[in-house]
Each structure stands twice: as C-alpha cells, then as structure tokens.
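Q: Starting from these lines, generate the structure:
(one chain, ligands or ions: 3)
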Amino acid sequence: MSDTMKALVFSAKGQPTLQDRPQPAILKATDAIVKMVKTTICGTDLHILKGDVATCDTGRILGHEGVAVVQSVGDGVARFKPGDNVIVSCITSCSSCEYCRKGMPSHCIDGGWILGNTIDGTQAEFVRIPYADGSLHPMVKSATAEEQVMISDVLPTGFECGVLNGKVAPGNSVAIVGGGPVGLGAMITSKLYSPSQIIMIDLDANRIEMAKTLGATHGIVSAQGTDVVGAVMGLTGGKGVDTVIEAVGVPATFELCQEIVAPGGTIANLGVHGCKVDLHLEKLWDRNITITTRLVDASTSPMLIKLVDAGTLKTAGLVTHTYKFSEMAKAYDTFGAAAKNNALKVIINF
Ligand SMILES: NC(=O)c1ccc[n+]([C@@H]2O[C@H](COP(=O)([O-])OP(=O)(O)OC[C@H]3O[C@@H](n4cnc5c(N)ncnc54)[C@H](O)[C@@H]3O)[C@@H](O)[C@H]2O)c1
Ligand SMILES: [Zn+2]
Ligand SMILES: [Zn+2]
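A: Ligands and ions are numbered 1, 2, ... in the order given. Below is the predicted model:
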C-alpha cells in the first residue's frame with residue numbers, strides 16, 4: 001500500500017492545489033484515522049483562501065466536512081472500530097475540558113474548529129481525527145451519504161448560531177441575509193419552530209429561487225439599487241424582523257441586519273468576518289435588541305441526525321454539483337462562482 005495520498009492544500013493566498021502528502025498516522029490513543037468517502041467545500045474555505053482566517057497558515061490541508069469509513073483507531077477510542085461509517089464533525093471535542101463539559105466544544109482547549117484550520121482537514125484521502133469518540137457520529141441508514149454530509153457543519157451551524165441564538169419562536173418573523181448553504185441550513189431548521197415569515201435576502205436571484213423552493217415565504221434579491229430595508233418593512237407592517245440571521249460575513253450585510261431588526265428582536269451573526277464592522281448604537285441603544293455571535297458547537301448534531309433519520313429535516317435539495325476528488329480545482333471554481341454556476345453545496349467523491 002502506498003503511504004502517500006492526494007490532498008487539497010492551501011498553498012498560497014487565493015490558491016488551493018492538489019498535492020501528494022504522507023498519509024496521517026495515529027499520534028494519540030484517542031485518535032482515529034478515517035478514509036474519506038465524500039467531502040464538500042464551505043464558505044469558510046473561501047474565507048481562508050481570501051486570507052480572512054488568521055489561524056490557518058499556508059501548507060494546510062483544507063476541509064472540515066464529510067463522511068468517511070474508519071480505517072484504524074487508537075487504544076483509547078471506545079465508540080468506533082475499523083469499518084464503521086461515520087460523519088465527521090467540523091468541531092473536535094475532547095469531551096472533558098471545561099468548555100466541552102459546559103456544552104461549548106467550539107472552544108475545547110485541545111479541539112474546537114481545528115480541522116482544515118490548525119490541523120489538516122477532510123479534503124484529503126485520509127484524515128487523522130483527534131478525540132474520535134467526541135468528534136465523529138455514526139451514519140444512519142435511512143438518509144443518503146450526501147444528505148449526511150450536511151450534518152458536519154451546514155445544519156448545526158444554521159441551527160445553533162442562527163436559529164437557537166436568534167431565538168426563533170412560533171409566529172415570529174425571521175430574515176436570513178445570505179442564502180448560501182449555511183443560510184439555507186438556518187432556514188430549514190428554523191421551520192422546526194414554526195415562524196410565520198421566513199424572508200431570504202441574497203444578491204443572487206437563483207439562490208432566492210432555491211430558498212423559496214426549500215421553504216422561504218418571501219425572497220428579496222438585494223441587487224444594487226434595491227430598497228431592501230423598504231421591502232422588509234413592507235412585509236412586516238413597518239416593524240422589522242424578530243430574528244435576523246447574518247449568514248454572509250461582510251460589513252454591508254451586518255449593517256443591513258441592524259436596519260431591519262424589530263424592537264425587541266435579535267441579530268444572530270453566523271458569518272465569518274475578516275474586517276471590522278460599524279455598530280450603530282446611536283440608532284439601536286433604545287431598541288431592546290440582542291446581538292449574538294457564535295462559533296458552531298455542533299453539540300446539537302446527534303439531535304439533528306435523528307431528525308434527518310426520521311425524514312423531518314430534508315437536506316438533499318442543498319446539493320447541486322458532484323465532482324471526483326481529482327476534479328477538486330473545478331469544484332472550487334464552481335463553488336467560488338456559485339451565482340454564475342447556480343451552485344449550492346458541491347459534493348466531492350473519493
Ligand atoms: N459561525 C460559524 O461557526 C460558521 C460555520 C460555518 C460557516 N460559517 C460562515 O457562514 C457564512 C455562510 O457560509 P456559506 O457556506 O453558506 O457561504 P456562501 O459563500 O456559499 O454563501 C454566502 C451567500 O451570501 C450571499 N451574499 C454575498 N454578499 C452579499 C450581500 N452583500 N448581500 C446579500 N447576500 C450576499 C452570496 O450570494 C451567497 O449566497 C460564511 O461567512 C461562512 O464562513 C460560519
Ligand atoms: Zn464550514
Ligand atoms: Zn474539550
């Protein structure tokens with residue numbers, strides 16, 4: 001057996017390249033080595049390539065999502081054995097540090113978001129998964145492997161950072177700024193709480209159409225010159241929106257969120273921001289609003305897996321393109337120009 005593998009490496013700003021790398025080995029008893037079956041590209045990978053993520057150095061193998069087969073496990077791994085089909089969580093959890101024990105493994109002292117960031121990630125044939133017991137989930141048989149790739153990041157991020165932090169409640173109005181896969185993950189999971197309105201806002205008319213197909217009650221294409229604030233006020237009787245979810249990560253969209261939040265409402269930021277944004281306290285100080293930020297904990301993934309297994313949450317509509325791993329450059333081109341290519345999630349098969 002060859003001891004090298006193919007891997008997608010962040011080789012220079014703006015540039016991902018397919019390279020030969022040594023296969024990973026078990027370094028600690030709690031590690032597993034998994035053989036990737038399917039992976040995908042996240043908006044965050046695009047932020048890394050732009051240089052927005054200071055913790056991720058060049059030379060890193062990218063990727064924090066996917067489904068895999070366990071190849072080998074260290075002596076300290078209890079829940080998994082070679083041959084098991086698993087979902088890789090984007091968050092690594094030691095399950096025992098102070099943060100993990102309070103349900104916030106995003107800040108695990110020896111884990112958190114490290115895959116494809118500070119350690120090598122899932123856009124490679126083999127991956128070392130630290131703390132495998134807390135960082136992998138068994139796959140279910142009732143949903144396809146592609147549907148379960150959405151458990152790695154898209155669904156828990158949309159749900160935890162958007163829906164739970166945004167306090168979506170029955171009858172409330174929700175606006176989601178950014179209809180990418182994560183924004184759509186927030187939209188799909190917000191329906192668990194029966195909001196009365198789900199308004200999707202995006203620059204891309206195609207993404208708005210997809211959002212409507214998947215359950216948005218209203219869509220606003222925020223092309224240049226569109227009065228987005230006026231449109232939202234028109235839909236909400238001039239009040240604004242109870243929950244505004246920021247799912248882009250640029251100053252313009254966070255500013256828009258501040259303009260459309262209703263009195264007493266919540267702005268739940270989930271976009272990864274690479275530069276500073278103005279906070280308009282001169283307009284918001286008396287509005288009784290809440291602003292939340294969160295790195296996904298993926299602590300709701302076991303619950304979300306049950307809902308995917310039961311058919312309550314349907315994620316198949318989020319996948320638009322499929323490539324072979326050898327076509328990774330094409331997959332990045334497609335996802336990087338998502339509007340032109342009518343792309344949402346691209347699945348890469350190994
Ligand atoms: N907080 C977390 O833990 C976490 C986890 C995963 C992803 N993220 C972040 O979530 C965000 C969304 O991820 P994604 O994979 O869906 O990304 P994406 O790039 O596919 O989607 C972003 C969407 O925003 C739209 N957009 C861009 N500029 C806009 C503007 N000015 N007005 C309106 N819409 C605009 C784009 O057309 C696109 O549809 C990214 O910032 C990503 O880094 C955060
Ligand atoms: Zn991600
Ligand atoms: Zn921990």
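
Q: Looks like Met104 contacts Arg294 (just checking).
A: No: shown here, Met104 and Arg294 do not form a contact pair, counting by C-beta atoms under 8 Å, at 9.2 Å. Bear in mind the C-beta positions are built from the backbone N, C-alpha and C, glycine included.

Q: Identify the contacts common to these two.
A: Common contacts of Met104 and Arg294 (C-beta atoms under 8 Å, 6 or more residues apart in numbering): none found.

Q: Kindly report the residues of the chain close to ligand 3.
A: Cys94, Cys97, Cys100, Cys108 (C-beta under 5 Å from the ion).

Q: In JSON lines, list these along with neighbour count, secondary structure and distance to Thr118.
A: Formatted as JSON lines, the residues of the chain next to ligand 3 follow (neighbours: other C-beta atoms under 10 Å; DSSP: H, G, I helix; E, B strand; the rest coil; distance: C-beta to C-beta, whole Å):
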{"residue": "Cys94", "neighbour count": "20", "secondary structure": "coil", "distance to Thr118": "15"}
{"residue": "Cys97", "neighbour count": "17", "secondary structure": "coil", "distance to Thr118": "16"}
{"residue": "Cys100", "neighbour count": "25", "secondary structure": "helix", "distance to Thr118": "17"}
{"residue": "Cys108", "neighbour count": "26", "secondary structure": "coil", "distance to Thr118": "12"}
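
Q: which residues in the stretch 101-250 of the chain form helices?
A: 132-135, 145-149, 154-156, 181-190, 205-214, 228-235 (DSSP state H, counting those that start in this stretch).

Q: And these: which comes nearest Ser326?
A: Proximity of these to Ser326 was assessed by C-beta to C-beta; the nearest stretch is helix 145-149, lying at 18.7 Å.

Q: Run through the neighbouring helices and strands of the closest one.
A: strand 32-40, strand 67-73, strand 85-88, helix 301-309, strand 319-324, strand 345-349 (3 or more C-beta pairs under 8 Å, 6 or more residues apart in numbering; DSSP states H and E).

Q: could you redo the last one with a cut-off of 7 Å?
A: On a contact count with 3 or more C-beta pairs under 7 Å, 6 or more residues apart in numbering; DSSP states H and E, helix 145-149 meets strand 32-40, strand 67-73.

Q: Spell out which parts of the chain neighbour ligand 1.
A: 42-44, 46-47, 153, 157, 161, 177-183, 201-204, 207, 222, 247-250, 252-253, 270-272, 294-296, 338-339 (C-beta under 6 Å from any ligand atom).

Q: rerun that using 5 Å as the cut-off
A: 42-44, 47, 157, 161, 178-182, 202-204, 207, 222, 247-249, 252-253, 270-272, 295-296 (C-beta under 5 Å from any ligand atom).

Q: Buried only: go through those for me.
A: 42-44, 47, 157, 161, 178-182, 202-204, 207, 222, 247-249, 253, 270-272, 295-296 (16 or more other C-beta atoms under 10 Å).

Q: and Phe10, what does it touch?
A: Pro16, Ile48, Leu49, Cys56, Thr58, Arg60, Leu62 (C-beta atoms under 7 Å, 6 or more residues apart in numbering).

Q: Please repeat the previous calculation with a cut-off of 6 Å.
A: Phe10 is in contact with Ile48, Thr58, Arg60, Leu62, counting by C-beta atoms under 6 Å, 6 or more residues apart in numbering.

Q: mind putting those in TSV, secondary structure included?
A: Listed next are the contacts of Phe10 as TSV, based on DSSP: H, G, I helix; E, B strand; the rest coil:
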residue	secondary structure
Ile48	helix
Thr58	coil
Arg60	coil
Leu62	coil
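
Q: If any of those residues are buried, give me the PyMOL selection for them.
A: Command for PyMOL that selects the buried part of those, burial taken from 16+ other C-beta under 10 Å:
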select buried, resi 48+60+62
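
Q: now, among the contacts of Phe10, which is nearest to ligand 1?
A: Distance ranking of the contacts of Phe10 against ligand 1, using C-beta to the nearest ligand atom, places Ile48 first at 8.9 Å.

Q: In stretch 16-36, which residues are buried?
A: For stretch 16-36, by 16+ other C-beta under 10 Å, it's 16, 18, 21, 23-24, 26, 30-36.

Q: Report the rounded mean pLDDT for that stretch.
A: Across stretch 16-36, the average pLDDT comes to 97.

Q: Next, the closest residue to ligand 2 within the chain: phi, psi?
A: Relative to ligand 2, the nearest point of the chain is Cys42 (3.1 Å; C-beta to the ion). Per-residue torsions, Cys42: phi -110, psi 160 (degrees, to the nearest 10).
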